[in-house]
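Visitor: Got a sequence here, can you model it:
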Amino acid sequence: MKWHGRGRTRTYAVGALALLAAATGCGGGGAGGGPAATAATTPAAAATARKTPPAASPTPAAAPAAGDAAAWAKWNLKPLPPAPAAPADKPIKLERTGPVPVFSEVKTTDKVVFVTIDDGAEKDPKFVEMLTDLKVPVSMFLTRDIVKENYGYFKPLQALGNHIHNHTVDHAQMSKVAPEKQKSEICDAQSALTQQYGSAPLLFRPPYGDGANTPALNTSVQQCGPRAIVLWRESMQIHDMQYQAADKKLRPGDIVLAHFRGPKDLKGETMTQMFGELLARIQEQGFAVARLEDYIQAPAT
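Guide: Numbering: from 1, shown residues only. Okay, the predicted model is just below:
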């Protein structure tokens, strides 16, 4: 099976079963999904002032540690290089109002990539244990109707310094719905996630990346509060990543997409096994994993 593609959205699901089925196909890692945005490109249209600026972070977080060797050995992994200190001059600077930028990478010379995880369907306690041990930072883009039966699962992950962002209410295919539906998908998720996790999501990712560069979606994002649309350069499948670059190599500042998935969708593999494979692929290329939000300057409040 395949999930996210190169950088846009798709999915309009009705009912819990349909929603989970749709989320399972949250992007088609290879050629599907449309072209990805480059670092911090702004769509040409849309200029509605957003509501209250979201908080930059659930908790102030220092540059992530790499975890100790014993912790990595516990998960049968080689340690990643430690991430450098967060840059004082953030490469991405978000504005309080106006059109929001769309980006799939961060301009940096640091040899780092950023790991993002979507949806929230799989809620494996071992994954919480794994991130607690390894101290690898992730950014979570959660779909309200997929996580609402167990919002609490993601709170220990948030407590590690990981940020929660907006991935719609029910994983709707944004380019296929009316502007009013787009707005409700984003605004209702924004409200629920803010209430549950104590800070407003700063970033938005449309399912499949579909519609990311359209004026209508940009306007809806502005109206609901997030201040950027985040796509990706690589997408993790089960044992390896699918790359947009022809040479199939990571580059500094790449954003990597993964999903909260379990054995049903990973051909018997667990969430921790899939994530271990992702870390191994990053380690093989000599990259560290940094926290995406450490490279983004949130709007002044």
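Visitor: Only C-alpha atoms from now on, for both contacts and neighbour counts.
Guide: Fine.
Visitor: And R261, how far from E269?
Guide: 9 Å (C-alpha to C-alpha, to the nearest Å).
Visitor: More neighbours: the two, which one.
Guide: Between R261 and E269, R261 has the larger neighbour count (other C-alpha atoms under 10 Å), namely 26 against 15.
Visitor: Does the more buried one touch E122 like I think?
Guide: Yes - applying C-alpha atoms under 8 Å, one finds R261 in contact with E122, separated by 4.8 Å.
Visitor: So, low pLDDT: which residues of the stretch 51-200 of the chain?
Guide: Along the stretch 51-200 of the chain, the model assigns pLDDT under 70 to residues 51-67.
Visitor: can you rerun that using 50?
Guide: Residue ranges of the stretch 51-200 of the chain with pLDDT under 50: 51-66.
Visitor: now the helices: where do they sit in it?
Guide: 69-74, 125-134, 144-147, 155-159, 179-197 (DSSP state H, counting those that start in this stretch).
Visitor: For the longest one, what is the distance to the chain centroid?
Guide: For helix 179-197, the gap between its own C-alpha mean and the chain's C-alpha mean amounts to 16 Å (C-alpha atoms, centre = their mean, to the nearest Å).
Visitor: And the next helix or strand past that helix?
Guide: helix 215-224 (DSSP states H and E).
Visitor: which ones are touching C187?
Guide: Listed by C-alpha atoms under 8 Å, 6 or more residues apart in numbering, the contact partners of C187 are Q223, C224, G225.
Visitor: at 7 Å instead, please
Guide: With contact set as C-alpha atoms under 7 Å, 6 or more residues apart in numbering, C187 has these partners: C224.
Visitor: begin at 46 from here
Guide: Understood, numbering begins at 46; the last thing we discussed is C232.
Visitor: Can you tell me how far it is from L122?
Guide: 40 Å.
Visitor: ditto for R306
Guide: From R306 to L122 the distance is 20 Å (C-alpha to C-alpha).
Visitor: Over to V151?
Guide: From V151 to L122 the distance is 27 Å (C-alpha to C-alpha).
Visitor: higher neighbour count, the two?
Guide: Under the criterion of other C-alpha under 10 Å, the comparison of V151 against L122 puts V151 first, with 24 against 17.
Visitor: isn't the more buried one right up against D299?
Guide: Yes - between V151 and D299 there is a contact at 6.5 Å, judged by C-alpha atoms under 7 Å.
Visitor: closest to A333 out of the helices of the stretch 96-245 of the chain?
Guide: A333 lies closest, by C-alpha to C-alpha, to one member of the helices of the stretch 96-245 of the chain: helix 170-179, at 12.4 Å.
Visitor: For that closest one, what is the distance to the chain centroid?
Guide: With C-alpha atoms, centre = their mean, you get 18 Å for helix 170-179.
Visitor: helices or strands up against that helix?
Guide: Packing contacts for helix 170-179, counted by 3 or more C-alpha pairs under 7 Å, 6 or more residues apart in numbering; DSSP states H and E, involve helix 114-119, helix 316-329.
Visitor: Nearest residue to M286 in space, please, no chain neighbours.
Guide: S280 (5.3 Å; C-alpha to C-alpha, 6 or more residues apart in numbering).
Visitor: and what of K156?
Guide: P297 (4.9 Å).
Visitor: residues touching the one you found, list them.
Guide: Counting by C-alpha under 7 Å, 6+ apart, P297 has contacts T153, T154, D155, K156, V157, V158.
Visitor: Find the centremost residue of the chain, please.
Guide: Centrality entry for the chain: nearest residue to the mean C-alpha point is T161, 3.5 Å, by C-alpha atoms, centre = their mean.
Visitor: so what's that residue bridging to?
Guide: S184, L302 (DSSP bridges).
Visitor: That one and M185 touch, don't they?
Guide: Yes - with contacts counted by C-alpha under 7 Å, T161 reaches M185, the gap being 5.8 Å.
Visitor: Near A345, how many other residues are there?
Guide: 11.
Visitor: Surely it is within a helix?
Guide: No - read with DSSP: H, G, I helix; E, B strand; the rest coil, A345 is coil and lies in no helix.
Visitor: just to revisit the earlier point, which of the helices and strands packed on helix 170-179 sits closest to D285?
Guide: helix 316-329 (6.7 Å).
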